[in-house]
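> I would like the atomic coordinates for the input below:
(one chain, ligands or ions: 2)
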Amino acid sequence: MPSKPAKFQIVWLQGITCNGNTHSFLNDPLLGSLLDKVRFLYHPILPSQMSLRELVVKIPKSDLLIVEGAYRGDFERGGAVMEKLLPALAARAKNIVALGSCASFGGIFKEASPESISGIVYDKSEATGPLAAMREKVINLGGCPAHPEWLSFVIGMMLNKRKVALDELGRPKELYAYTVHNGCLRNDYFEWKVDSRSFGTKEGCLYYEQGCQGPFTHGSCNKILWNGVASKTRAGTPCFGCTEPTFPKTDLFRTKTYMSIPSEMPLGVPKRSYLALAGAAKSFHIKRLEERLIDDHS
Ligand code: SF4
Ligand code: SF4
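Ligands and ions are numbered 1, 2, ... in the order given. Predicted coordinates for the structure are as follows:
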């Protein structure tokens, strides 16, 4: 009788983390069918073959090493320091995913100790992390947290032996080639320069006064919706750019302006062209866009 094909073996290692990416992954609607095809040698929450202590002692081979959380050399897991544990597991893994902004670029935890904390390949956007020499086999899934379907997309590609095309920061182009602005339902308002009046409403663009970073943040949040139904901008909250190495910025919900012109332009748009278009668009008054769509008080 032909033997069953071996399951795809995954090790999920946590650095310095809030567990946000683990929790995000547990919301993946495809998790059940994915678990039929893969086996966790180690995962902090899901059933797995080894305990953390066994993982650290045995350093098993794997098809995929997923790293969640930021890197600091002297941080310990299972009694082993990351400085030794991470390169040892990485050397025995066929593929590596840096899951979330902390593992990808340092993220929020880097703010506490900028000198000693980084991502596993990138320190912000500099490739100086501990696995920089192995960057060819590392895929970065920036996001705070990363969308669960971004991870299952990458695992699915690996299961089907398909190559994942990456951008200059090692992020899958399929997921990060577009900006969050692309697919946002507020584009009509953006084009005609109609601003949102407050958080949580359906009308207006959140760029001009509320600091939305959708026009310069790479991510598919408005295409692969969260929980299948929403995104920040759909819910009336500005995107704060969590997929980028620049995250976290300060003053998240304010648009910095210079003489009332936004200081950061949408990606690829020269300031001069923007000003010409903005001036023309502002001179129109489009009743449809200036009215409430939904009256909360009726
Ligand atoms: S709310 Fe943000 S993402 Fe949506 S159109 Fe305005 S700037 Fe773009
Ligand atoms: S909408 Fe922006 S802040 Fe929210 S998850 Fe997507 S990239 Fe991150």
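> separation between the residue of the stretch 1-150 of the chain found nearest ligand 2 and ligand 1?
In the stretch 1-150 of the chain, the residue found nearest to ligand 2 is G143; the distance is 5.7 Å by C-beta to the nearest ligand atom. Yep, even glycine has a C-beta here, placed from its N, CA and C like the rest. Separation of G143 from ligand 1 (C-beta to the nearest ligand atom, to the nearest Å): 16 Å.
> Could you find the closest non-adjacent residue to that residue?
Closest residue to G143 apart from its sequence neighbours, by C-beta to C-beta, 6 or more residues apart in numbering: T243 at 5.0 Å.
> that's a strand at the one you found, yeah?
No. Secondary structure of T243 (DSSP: H, G, I helix; E, B strand; the rest coil): coil, not part of a strand.
> Look up the pLDDT of it for me, please.
Looking at T243, its pLDDT is 98.
> Ok, L141 next?
Reading off the model, L141 has pLDDT 98.
> The residue nearest to G143 and R162, how far apart?
Distance, T243 to R162, by C-beta to C-beta, to the nearest Å: 22 Å.
> So between the two, which is more surrounded?
Set side by side, T243 and R162 show more neighbours around T243, with 31 against 9, by other C-beta atoms under 10 Å.
> which SS state does C102 fall under?
Per three-state DSSP, C102 ends up helix.
> was I right about it contacting R72?
No. The pair C102 and R72 fails to qualify as a contact (C-beta atoms under 8 Å) at a distance of 10.6 Å.
> Okay, and F153 sits in which element?
helix 148-159 (DSSP states H and E).
> For C102 and R72, indicate the residue with more neighbours.
With neighbours defined as other C-beta under 10 Å, C102 and R72 compare such that C102 has more, 32 against 22.
> what pLDDT does that one get?
The model reports C102 with a pLDDT of 98.
> check contacts around it.
Residues in contact with C102 (C-beta atoms under 8 Å, 6 or more residues apart in numbering) are 15-17, 68-70, 108-110, 119, 144.
> Check M134 too.
By C-beta under 8 Å, 6+ apart, the neighbours of M134 are 90-91, 96, 121.
> Might you report the residue contacts of the residue minimising distance to the centre of the chain?
The C-alpha lying nearest the average C-alpha coordinate of the chain belongs to G143 (C-alpha atoms, centre = their mean; 1.9 Å). Counting by C-beta under 8 Å, 6+ apart, G143 touches 100-101, 150, 219, 242-243.
> Check K94 too.
So K94 contacts 62-64, 137 (C-beta under 8 Å, 6+ apart).
> quick one: which of these is most hemmed in?
When neighbours are counted by other C-beta under 10 Å, S62 leads those with 24 neighbours.
> Test my guess that L31 contacts K37.
No. Counting by C-beta under 8 Å, L31 does not reach K37; the two are 11.2 Å apart.
> show me what contacts the residue of the stretch 51-200 of the chain found nearest ligand 1?
Residue nearest to ligand 1 within the stretch 51-200 of the chain: C184 (3.2 Å; C-beta to the nearest ligand atom). Residues counted as contacts of C184 (C-beta under 8 Å, 6+ apart) are 190, 214, 222, 231, 233-234.
> thought L185 was touching K232?
No. Applying C-beta under 8 Å as the test, L185 and K232 come out as separate, 11.7 Å apart.
> For these two, indicate the residue with more neighbours.
K232 (19 against 11).
> Excluding chain neighbours, give the residue nearest to that one in space.
Per C-beta to C-beta, 6+ apart, closest to K232 is C239, 5.3 Å.
> Name the nearest residue to A103, ignoring sequence neighbours.
V67 (4.7 Å).
> So which elements touch the host helix or strand of that neighbour?
Applying DSSP H and E as the criterion places V67 in strand 62-68. Counting contacts by 3 or more C-beta pairs under 8 Å, 6 or more residues apart in numbering; DSSP states H and E, strand 62-68 is packed against strand 8-14, helix 82-91, strand 93-99, helix 100-105, helix 148-159.
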